[in-house]
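**Student:** What follows is a predicted structure for the sequence shown.
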Amino acid sequence: MKASSLDPRRWPLAFKAPLLVAAFMLVVSGVMTNAVLSRLRETQERHLAAMSTIYLNGLAAALIPHVLREDIWEIFDTIDRGASLEGGFGRATIVVVDARGLTLAASDPKRAPVLSQQAYREQAFQGESMLILDADKARAFARRALVYQDRRIGTIYVDYDVTHLLRERADVLRTLIGTNTAIAVLLAAFGYWIIRRMLRPLRTLSRHLDLGVAGAVQPIPAAEVQGATYEFRRLFRRFNVMADAVNDREAIAKKMANEERLASLGRLASGMAHEINNPLGGLFNAIDTIKRHGEKASVRNASLDLIERGLKGIRDVVRATLATYRADRDPRDLTPADLDDLKLLIGPEVSRRALILDWDNDVVGDLPVSASAVRQIALNLILNAMQVAPPGTRVHFEAEPVGGRLVVAVHDQGPGFSSDASAMLSGGASRPAPLGDGTGLGLWMTRRLVHDLNGHIAVETSPIGGAVVRVTIPLAASEEMRNVA
């Protein structure tokens with residue numbers, strides 16, 4: 001069991017509230033039980049004292065004449081006839097002593113012989129107390145002074161069984177405990193049921209929030225909104241407004257990211273136009289040479305070789321651009337050429353920015369990972385590195401399979417990543433997309449692509465200075481494979 005599960009602050013509200021109700025009921029029950037038992041005890045003792053007073057007064061009236069004459073037999077006969085009590089008290093034990101504390105007669109002569117000292121009985125009473133209830137012995141002890149003409153001539157000591165009174169107390173205690181416990185349990189169960197019903201809208205809201213983490217935020221159905229209470233109905237409506245806004249934002253962000261990708265390709269295409277235009281001039285010259293001197297085999301072969309090399313160069317540039325543009329329609333495994341094509345694609349931009357590009361592609365053979373996604377990730381990271389790298393500095397690209405994973409890293413010698421850019425790359429998939437100019441849509445799209453591939457992004461300090469973005473992607477078999485046309 002975890003230590004945190006023992007912390008009451010971490011318990012669910014649906015459990016804590018009924019538990020608090022039960023605890024409160026037990027405290028109230030304890031106070032009420034104590035009050036009831038105290039009142040019962042006082043009532044019993046008051047009735048017992050009244051009964052003892054009446055009983056002893058009657059017994060004293062009958063005994064005083066015999067005590068004055070010290071007529072032991074009459075005293076014994078009187079107490080023997082008066083020892084039987086009604087009301088469940090059984091037979092009382094009665095001892096009559098004279099003014100010196102010596103026994104005159106007793107209902108049980110063996111325990112209190114005639115002329116035996118009974119001073120200990122007097123010492124058991126405190127002060128003017130006339131009645132003592134001993135719960136341990138289950139007996140009540142009473143005394144009554146025998147007074148004749150303002151002169152004390154003796155004392156009557158009586159003790160009798162009060163087991164039935166103590167049993168009544170125990171029965172009341174058990175009844176109170178059972179009743180109060182049952183009430184507390186029933187109230188706790190009822191409270192648990194009520195709290196769960198009250199918290200049901202929160203569980204609905206929590207479920208939709210969890211669904212929003214995994215993908216698009218799902219609005220709460222209208223039926224559940226209408227069935228909620230006033231407070232939760234307002235909350236659900238506001239949540240649905242927020243869900244629609246978040247989904248619209250995500251849709252706009254994806255559209256802008258796609259437009260930014262196309263804009264990047266457009267910028268690269270403008271540079272590639274020069275790369276295509278250069279061999280075209282040579283091709284036209286070769287064609288013109290063939291027209292003029294085509295009858296010569298050496299001239300014709302040299303011109304055809306030049307035309308072939310020029311066309312191959314144009315083909316490579318066009319293929320790289322086409323592969324990047326058609327990435328979303330091309331779910332196939334990654335090949336070394338997919339990454340090497342990027343080098344050709346960014347070549348004009350590297351030259352324009354006067355950068356030094358180091359290319360280290362250790363991918364050999366096909367790898368079971370989406371070629372289009374990896375190409376887009378690598379292209380976004382390279383373009384970002386080129387944007388922050390000062391002229392004349394290095395941009396280093398490396399890719400290698402390591403232990404069932406593909407590791408792609410891009411180094412630069414720029415100023416490093418800002419906290420916002422780093423958070424944009426390493427944030428969770430649920431982080432909202434940035435909107436506006438220069439807010440890092442390319443980085444956001446890169447993070448989304450890496451997340452879709454179950455990969456991981458780390459932003460570190462590069463050994464060559466600046467920053468390095470390292471992407472680790474697990475290798476998994478593709479379900480669909482199609483070659484680039």
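**Tutor:** Okay, I see it.
**Student:** any low-confidence regions in the stretch 151-300 of the chain?
**Tutor:** The model of the stretch 151-300 of the chain has pLDDT under 70 over residues 212-215, 257, 260-283, 285.
**Student:** show me where the stretch 151-300 of the chain has strands.
**Tutor:** Ranges of strands within the stretch 151-300 of the chain are 151-161, based on DSSP state E, counting those that start in this stretch.
**Student:** Which stretches in it count as helices?
**Tutor:** 163-214, 222-227, 230-293, 297-325 (DSSP state H, counting those that start in this stretch).
**Student:** Using TSV, lay out those helices together with distance to residue 404.
**Tutor:** C-beta: built from backbone N, CA, C; applies to glycine. Converted to TSV, these look like this (distance: least, Cβ to Cβ, whole Å):
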stretch	distance to residue 404
helix 163-214	25
helix 222-227	44
helix 230-293	29
helix 297-325	26
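**Student:** Out of those helices, which is closest to residue 383?
**Tutor:** helix 230-293 (6.0 Å; Cβ to Cβ).
**Student:** so what's residue 366 closest to, chain neighbours aside?
**Tutor:** Using Cβ to Cβ, 6 or more residues apart in numbering and skipping the chain neighbours, the partner closest in space to residue 366 is residue 333 (4.4 Å).
**Student:** Give me the distance between the one you found and residue 365.
**Tutor:** Per Cβ to Cβ, to the nearest Å, residue 333 is found 9 Å from residue 365.
**Student:** Which stretches in the stretch 1-150 of the chain count as helices?
**Tutor:** According to DSSP H, counting those that start in this stretch, the helices that the stretch 1-150 of the chain contains are 13-69, 72-81, 119-124.
**Student:** just to revisit the earlier point, how about the helices of the stretch 151-300 of the chain in TSV, adding distance to residue 415 and mean neighbour count?
**Tutor:** Output for those, formatted as TSV (distance: least, Cβ to Cβ, whole Å; neighbours: other Cβ atoms under 10 Å):
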stretch	distance to residue 415	mean neighbour count
helix 163-214	34	14
helix 222-227	50	13
helix 230-293	21	14
helix 297-325	28	15
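**Student:** closest to residue 47 out of these?
**Tutor:** Closest among those, using Cβ to Cβ: helix 163-214, at 9.1 Å.
**Student:** State the helix or strand in which residue 471 lies.
**Tutor:** When elements are assigned from DSSP states H and E, residue 471 belongs to strand 467-474.
**Student:** Show me what that strand packs onto, helices and strands only.
**Tutor:** Counting by 3 or more Cβ pairs under 8 Å, 6 or more residues apart in numbering; DSSP states H and E, the packing neighbours recorded for strand 467-474 are helix 371-388, strand 405-412, helix 441-452, strand 456-461.
**Student:** per-stretch mean pLDDT over the ones you listed, give me the minimum one.
**Tutor:** Of all the helices and strands packed on strand 467-474, the minimum mean pLDDT falls on helix 441-452 (a mean of 78).
**Student:** tell me which element the closest residue in space to residue 443 that isn't next to it in sequence falls in.
**Tutor:** Among residues not flanking residue 443 along the chain, residue 424 sits closest, at 4.6 Å (Cβ to Cβ, 6+ apart). Following DSSP H and E, one finds residue 424 within helix 419-426.
**Student:** buried residues in that helix?
**Tutor:** 421-422, 424-426 (16 or more other Cβ atoms under 10 Å).
**Student:** helices or strands up against it?
**Tutor:** Partner elements for helix 419-426 (3+ Cβ pairs under 8 Å, 6+ apart): helix 441-452, strand 456-461.
**Student:** The residue at the greatest distance from the centre of the chain and residue 22, how far apart?
**Tutor:** Here the centre of the chain is the reference, and by Cα atoms, centre = their mean the most remote residue is residue 69, at 89.9 Å. Distance, residue 69 to residue 22, by Cβ to Cβ: 69 Å.
**Student:** In contact with residue 229, which residues are there?
**Tutor:** residue 201 (Cβ atoms under 8 Å, 6 or more residues apart in numbering).
**Student:** What distance do you get for it to residue 197?
**Tutor:** As judged by Cβ to Cβ, residue 229 and residue 197 stand 10 Å apart.
**Student:** same question, residue 216
**Tutor:** Residue 216 is 30 Å from residue 197, by Cβ to Cβ.
**Student:** likewise residue 12?
**Tutor:** 14 Å.
**Student:** Same check on residue 388?
**Tutor:** In terms of Cβ to Cβ, residue 388 sits 57 Å off from residue 197.
**Student:** swap in residue 63?
**Tutor:** Residue 63 is 74 Å from residue 197, by Cβ to Cβ.
**Student:** residues near the nearest residue to residue 412 once chain neighbours are set aside, how many?
**Tutor:** Leaving aside its sequence neighbours, residue 412 sits nearest to residue 385 (Cβ to Cβ, 6+ apart; 3.9 Å). Around residue 385 sit 26 other residues, with neighbours defined as other Cβ atoms under 10 Å.
**Student:** How about residue 364?
**Tutor:** Residues contacting residue 364 under the criterion other Cβ under 10 Å number 10.
**Student:** quick one on the thing from earlier: point out the most buried one among the helices and strands packed on helix 419-426.
**Tutor:** helix 441-452 (a mean of 21; mean count of other Cβ atoms under 10 Å).
**Student:** Show me what it is packed against.
**Tutor:** Short answer (3+ Cβ pairs under 8 Å, 6+ apart): helix 441-452 packs on helix 230-293, helix 371-388, helix 419-426, strand 456-461, strand 467-474.
**Student:** who wins for proximity to residue 182 among the helices and strands packed on strand 467-474?
**Tutor:** helix 441-452 (55.0 Å).
**Student:** quick revisit: tell me which of the helices of the stretch 151-300 of the chain lies nearest to residue 114.
**Tutor:** By Cβ to Cβ (comparing all of those), the closest turns out to be helix 163-214, at 29.8 Å.
**Student:** tell me the angle of that closest one relative to helix 13-69?
**Tutor:** For helix 163-214 against helix 13-69, the angle by axes from the mean of the first three to the mean of the last three Cα atoms, to 10 degrees is 170 degrees.
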